[in-house]
Every structure is written in C-alpha cells, then in structure tokens.
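S.K.: sequence unknown, structure follows:
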C-alpha cells in the first residue's frame with residue numbers, strides 16, 4: 001500500500017448514509033473511511049458508489065469493518081445470517097456485487113503511520129510495523145478479529161450486543177493517536193476521545209450514521 005498523503009479527512013462509520021458520505025467526500029483532502037460502509041441506513045448501494053468513485057479517482061480508501069466483512073462473506077457464498085445483511089443483499093443491484101466483493105476484499109484491516117493508527121474496531125500492539133494480512137478465507141485471525149470487533153468479554157449486553165472493553169487504549173504507544181469507529185461512545189453527538197495510560201489518545205468517530213445519529217469526520221494533517 002502507498003503511504004498516506006499528509007492531508008486527510010477521517011470519516012466514521014457510514015452505515016448506508018450515502019447522502020452524508022457524499023458531503024464528507026466534497027474535499028481536496030484524502031479520505032480515510034474507518035469501515036462499516038454498509039447496512040442499517042437508507043442507501044448502502046449509494047454509499048458504496050461514493051466509495052467506488054473515491055477509489056477510482058485515487059482520492060480515498062476505506063478500512064475493513066465488521067459489517068463490510070459480513071457482506072463480503074455473503075457475496076462470496078458463505079452462509080451468513082442476520083436481518084442487516086439480508087436487507088443489504090436485497091438492496092444491492094447485481095451490477096454492483098462483483099465490484100463490492102472486490103473492493104471489500106482489498107480493504108486493509110488497519111493502517112499505521114509514525115504518529116497515527118487507523119482501524120475500525122480496536123488496537124493491538126502487534127499491528128504496529130506489520131501490514132494486515134489478506135482478506136480471511138474463513139474466521140479472521142486474532143489481530144484481524146481485534147481490528148474488526150474490538151475487545152470483548154464474551155458476554156452480551158441487555159441490548160443483545162457483545163460487551164466491549166476499551167483496555168486496548170492503554171496499549172497505544174505514547175505520541176500516537178488512534179482513529180476508530182465501531183463503538184458509538186459519544187454522549188453529545190461529537191466524536192468521543194479517550195486517553196490511555198501512556199498519554200496516547202483514541203478518537204471514536206462513530207456517531208450513529210444510518211442508525212438514528214449522524215456522520216462525523218475529522219480533518220487531520222500528518223507530519
């Protein structure tokens with residue numbers, strides 16, 4: 001993968017909110033979308049079309065999110081269950097399916113630079129200095145699982161979702177900032193920022209797009 005340009009717009013989970021994603025894409029900055037382009041919202045095909053355009057123009061990329069991973073598995077013929085993926089498959093035109101599988105299969109699970117880490121779900125020190133592996137043929141290996149799903153206890157919450165931990169924030173090296181989605185931690189509609197023991201920061205950019213909230217993004221400059 002080529003090094004990232006220095007001027008970035010980091011975009012949180014889109015979840016089918018194509019209209020908001022199109023607005024976020026109106027910039028001369030390079031787009032890094034943090035995964036979960038699909039499911040939940042009103043227009044997953046439209047969100048994918050915006051991403052296809054950014055890829056074709058060399059103006060952006062997206063990371064592999066757990067919802068994207070699930071959709072790609074369904075498109076390649078795996079048995080995948082759930083109302084979200086079933087609805088997305090029903091909405092996705094046949095003309096987009098091959099390209100969708102191709103681009104999701106090529107999406108990196110994480111990107112790290114000297115001062116920043118970009119990942120969908122959660123961090124592990126093993127990601128530093130190591131390129132993510134190719135798209136998993138089956139169950140994701142531990143580092144990819146951490147990237148997609150974050151850190152969990154193995155229990156579920158009262159809402160029926162996996163109980164998630166943020167202990168991994170303490171493992172981010174000092175002087176680095178991590179940008180992620182997946183966990184909608186915001187209590188005020190703005191990205192949630194959490195500091196680790198070493199003084200590093202994790203910026204959670206999922207503010208509920210496609211799920212009753214809105215899409216958030218942040219413009220940053222890499223040194």
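M.R.: That came in fine, so what should we check first? For clarity, every value in this text was computed on a predicted model and none was experimentally measured. Numbers count the residues shown, from 1 in each chain.

S.K.: so where do the helices sit in the protein?
M.R.: 18-24, 44-56, 66-75, 83-91, 94-106, 142-149 (DSSP state H).

S.K.: JSON lines please, covering these and showing mean neighbour count.
M.R.: Every residue, glycine included, has its C-beta placed from N, CA and C. Putting these into JSON lines (neighbours: other Cβ atoms under 10 Å) gives the following:
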{"stretch": "helix 18-24", "mean neighbour count": "19"}
{"stretch": "helix 44-56", "mean neighbour count": "20"}
{"stretch": "helix 66-75", "mean neighbour count": "23"}
{"stretch": "helix 83-91", "mean neighbour count": "15"}
{"stretch": "helix 94-106", "mean neighbour count": "15"}
{"stretch": "helix 142-149", "mean neighbour count": "20"}
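
S.K.: nearest to residue 123, of those helices?
M.R.: Of all these, it is helix 142-149 that lies closest to residue 123, at 7.2 Å by Cβ to Cβ.

S.K.: now the angle between helix 66-75 and the closest one, please.
M.R.: 110 degrees (axes from the mean of the first three to the mean of the last three Cα atoms, to 10 degrees).

S.K.: measure the residue nearest in space to the middle of the chain to residue 179 for me?
M.R.: Central residue of the chain (Cα atoms, centre = their mean): residue 35, 2.0 Å from the mean position. From residue 35 across to residue 179, the span is 11 Å (Cβ to Cβ, to the nearest Å).

S.K.: which strand residues bridge the spatially closest residue to residue 218 that is not a sequence neighbour?
M.R.: Distances taken as Cβ to Cβ, 6 or more residues apart in numbering place residue 10 nearest to residue 218, at 5.0 Å, with adjacent residues excluded. Beta bridges link residue 10 to residue 32, residue 218, judged by DSSP bridges.

S.K.: can you report how many residues neighbour residue 10?
M.R.: 24 (other Cβ atoms under 10 Å).

S.K.: quick check, residue 122 in contact with residue 180.
M.R.: Yes. Counting by Cβ atoms under 8 Å, residue 180 is a contact partner of residue 122 at 7.0 Å.

S.K.: where does pLDDT dip in the chain?
M.R.: 158-159 (pLDDT under 70).

S.K.: quick revisit: need the helices of the chain in a markdown table with distance to residue 215, can you?
M.R.: As requested, the helices of the chain are arranged in a markdown table below (distance: least, Cβ to Cβ, whole Å):
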| stretch | distance to residue 215 |
| --- | --- |
| helix 18-24 | 4 |
| helix 44-56 | 10 |
| helix 66-75 | 15 |
| helix 83-91 | 18 |
| helix 94-106 | 19 |
| helix 142-149 | 20 |
